[in-house]
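# using only what follows, build the 3D model:
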Amino acid sequence: MSSQLIGMESFREYSSFATDDFIHTDLSKTHVENQLPKVNINVPVLPSTKFPRNEAALAFIPIKDGEKITIWKQFLFTWRTQGIYQALELLSQTDLKKCSANQMTYGMVTLWKTVKAVQHVFMPLSNMSSVIDTVAMFSHTKDWSTSPVRYLAWHPHCNKLAVATRDDTVLVYTGSTSTPVVVRHSSQKNISSMSWRPLCSAQLAVGCASGVALWTVDPASLGTRPSASCLTHLPHPTSVNSVAWDPQGKFLASGSAQDSSLYIWNVENREATLLQKIRGGGYTFLTWSPTGDRFLACTPGNVFKIWETRTWLAEIWDVMNGYVQAAAWSPCGTKAIFADSVQPTLYCVSKSSSTKAATVVADFTETQSSEATGLSRLVQNLAWDPRGERLAVTFRSSDYVALFRTRYSPTLSLFPCGVLKGEPDEVASTIQFKPDFENGALLTVAWSSGRIQHVPFSFLPQHLET
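You can find the predicted model right below:
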């Protein structure tokens, strides 16, 4: 395979890093596979997400024979089931001239539209039509709204994998078992993110439409469904887009693309500290550095922030256009790589940089040879293994996963080592490295078919095709 496959002239020297360098003689592929969960999501049984749930619910308003569903019945039903915010939104989208609306109603709707217009100046995403649209727009999962698997979360210390599916169920697999613990609740809708609590084997934070669902999953339970008593709800005023634990498991951060407040939770007493901001208009992705002293927060705008967590003083970084689509920390916590939503480029920001400018570390601009492979263009997601030796990248317009070998000290360097392909018609939906894999790096890939594949880098064939 030649470097033109990636379309980056600066990567011509990668061929010196052969896949033979990754092979361990004291380990077999079968042995690795036997220690990992076997997961294959049954796509036909998952419900379709073609229509939003709230629209479907209106079809079940109780009425008497011959009675019409008036706007006021819809308003009261929406208020009772979804809250006053959605009820007023329903009125604002209705032609009240065709309804028996009085002057007070007109005034209330006019005031609501004025508030929304002012809100849109500071929160551009607040007028999006639904939670599904917002989550799908900023999700790292490709085709989030239709993907059978919406998120993967490996436990940082245990051989435990959480899989969020399209029907808002979380399946928790332990060891090599094929029978998961089923984690589900009526308030757990539109799952956007998940994170296991470090230094704790049982707690899983799930970001969803109603806030954060904090589950305590008994590590000894197999094939059971935790009761509601195992759930702690951390409320948000809007749908949560990202959750992240600090490395010590003391604090949980949560943020929403539609809310300008960043929540830092002390989960022991269910209290949150709010980090307010206006510029950027919300939070789309949060990640703590492995050392815990820095915290990166991406926004829907063309800025992102890096906090120093001892003093909570922040550096504001700008991207030229668009917003930060994906980001990842180096193991030392002094470097972060990121990709924006409009440039086919990977950048790096460093704590020691004196210029306060990001450097380009990879360019995925199409070349004549890369057009045939489709491996280029905009980045969808990044995954960097905890040792800082392997990097996996998915793209918005490619079905594959690009794989790199990396060096992060003293400077960051990337060396392409291949492309991971799925079965025919499969698209790579979401990816994550297993944090505690002892024999190199283990990449877990969820494909659009519902198949979940574990790829130990020690055993990637020469062309990295499955």
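# can you map out the helices along this protein?
For the chain, helices defined by DSSP state H occupy the ranges 29-34, 53-57, 71-82, 84-92, 103-122, 131-138, 368-373.
# can you get me a residue count around residue 345?
Residue 345 has 17 neighbours, counted by other CB atoms under 10 Å. (C-beta placed from N, C-alpha, C; glycine too.)
# mind listing the residues bridging to it?
Residue 345 has these beta-bridge partners by DSSP bridges: residue 363.
# residues contacting it?
339, 360, 362, 363, 364, 365 (CB atoms under 8 Å, 6 or more residues apart in numbering).
# ranking those residues by neighbours, who comes first?
Neighbour counts for the contacts of residue 345 (other CB under 10 Å) peak at residue 339, which has 26 neighbours.
# ok, residue 234 to residue 175 distance?
Relative to residue 175, residue 234 is positioned 29 Å away (CB to CB, to the nearest Å).
# over to residue 266?
Taken as CB to CB, the span from residue 266 to residue 175 is 32 Å.
# follow-up on the earlier one: okay, who's weakest in the contacts of residue 345 by pLDDT?
Across the contacts of residue 345, the bottom pLDDT score, 82, is held by residue 365.
# ok, and the closest non-adjacent residue to that one?
residue 344 (5.3 Å; CB to CB, 6 or more residues apart in numbering).
# if I look at that neighbour, how far off is residue 396?
10 Å.
# again with residue 216
In terms of CB to CB, residue 216 sits 36 Å off from residue 396.
# what is the burial count for the residue nearest to residue 365?
19.
# how close does it sit to residue 405?
According to CB to CB, residue 344 stands 20 Å off from residue 405.
# same question, residue 197
Taken as CB to CB, the span from residue 197 to residue 405 is 31 Å.
# go on, residue 156?
23 Å.
# equivalent analysis for residue 269, please.
44 Å.
# isn't residue 166 right up against residue 47?
Yes - applying CB atoms under 8 Å as the test, residue 166 and residue 47 come out as touching, 7.2 Å apart.
# out of these two, name the residue with the larger neighbour count.
Between residue 166 and residue 47, counting by other CB under 10 Å, residue 166 is the more crowded of the two (20 against 9).
# show me what contacts the more buried one?
When contacts are counted by CB under 8 Å, 6+ apart, residue 166 touches 46, 47, 49, 146, 147, 148, 149, 150.
# again, but for residue 176
34, 35, 36, 37, 38.
# kindly reformat those residues as a markdown table containing neighbour count.
Shown next, in a markdown table, are the contacts of residue 176 (neighbours: other CB atoms under 10 Å):
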| residue | neighbour count |
| --- | --- |
| 34 | 11 |
| 35 | 12 |
| 36 | 19 |
| 37 | 21 |
| 38 | 13 |
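# list just the nearest of the residues you listed to residue 282.
residue 37 (34.3 Å; CB to CB).
# any idea how far residue 309 is from that closest one?
Applying CB to CB, the value for residue 37 to residue 309 is 33 Å.
# residue 346 now?
For residue 346, the distance to residue 309 - CB to CB - is 25 Å.
# and those two? Which one has more around it.
residue 346 (26 against 16).
# quick one, what contacts the more buried one?
337, 338, 339, 360, 361, 362, 363, 364, 379, 382, 393, 414.
# can you give me the strands in the stretch 351-466 of the chain?
359-363, 379-384, 390-395, 401-407, 413-420, 428-433, 442-447, 452-456 (DSSP state E, counting those that start in this stretch).
# dump these to TSV, plus distance to residue 249.
Converted to TSV, those look like this (distance: least, CB to CB, whole Å):
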stretch	distance to residue 249
strand 359-363	31
strand 379-384	21
strand 390-395	25
strand 401-407	27
strand 413-420	31
strand 428-433	18
strand 442-447	22
strand 452-456	25
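# what residues are bridge-paired with residue 446?
residue 430, residue 452.
# so it touches residue 429, yeah?
Yes - with contact defined as CB under 8 Å, residue 446 reaches residue 429; the gap is 4.7 Å.
# anything in contact with each of the two?
141, 147, 148, 149.
# could you identify the most distant pair in the residues you listed?
Within the shared contacts of residue 446 and residue 429, two members stand farthest from each other by CB to CB: 141 and 148, at 10.4 Å.
# list residues touching both of the two?
Contacts common to residue 141 and residue 148, judged by CB under 8 Å, 6+ apart, are 429, 446.
# quick revisit: sort the contacts of residue 176 by pLDDT and name the bottom one.
Per-residue pLDDT puts residue 34 lowest of those, at 74.
# dihedrals phi and psi, the closest residue to that one other than its chain neighbours?
With sequence-adjacent residues excluded and distances taken as CB to CB, 6+ apart, residue 34 is closest to residue 176, at 5.8 Å. Geometry field for residue 176 lists phi and psi as phi -100, psi 10, criterion degrees, to the nearest 10.
# how close does residue 176 sit to residue 160?
When residue 176 is compared with residue 160 (using CB to CB), they lie 11 Å apart.
# equivalent analysis for residue 339, please.
Distance from residue 339 to residue 160, by CB to CB: 29 Å.
# repeat for residue 154
For residue 154, the distance to residue 160 - CB to CB - is 7 Å.
# pull the number of nearby residues for the residue lying closest to residue 138 once chain neighbours are set aside.
Excluding its sequence neighbours, the residue lying closest to residue 138 (CB to CB, 6+ apart) is residue 284, at 4.0 Å. Applying other CB under 10 Å, we find 29 residues neighbouring residue 284.
# residue 182 now?
There are 13 residues near residue 182, going by other CB under 10 Å.
# thought it was touching residue 169?
Yes - if you go by CB under 8 Å, residue 182 and residue 169 touch, sitting 6.2 Å apart.
# all strands of the stretch 201-350 of the chain, in order?
203-208, 211-216, 231-235, 242-245, 251-256, 259-266, 271-276, 285-288, 294-298, 303-308, 313-318, 324-329, 335-340, 345-350.
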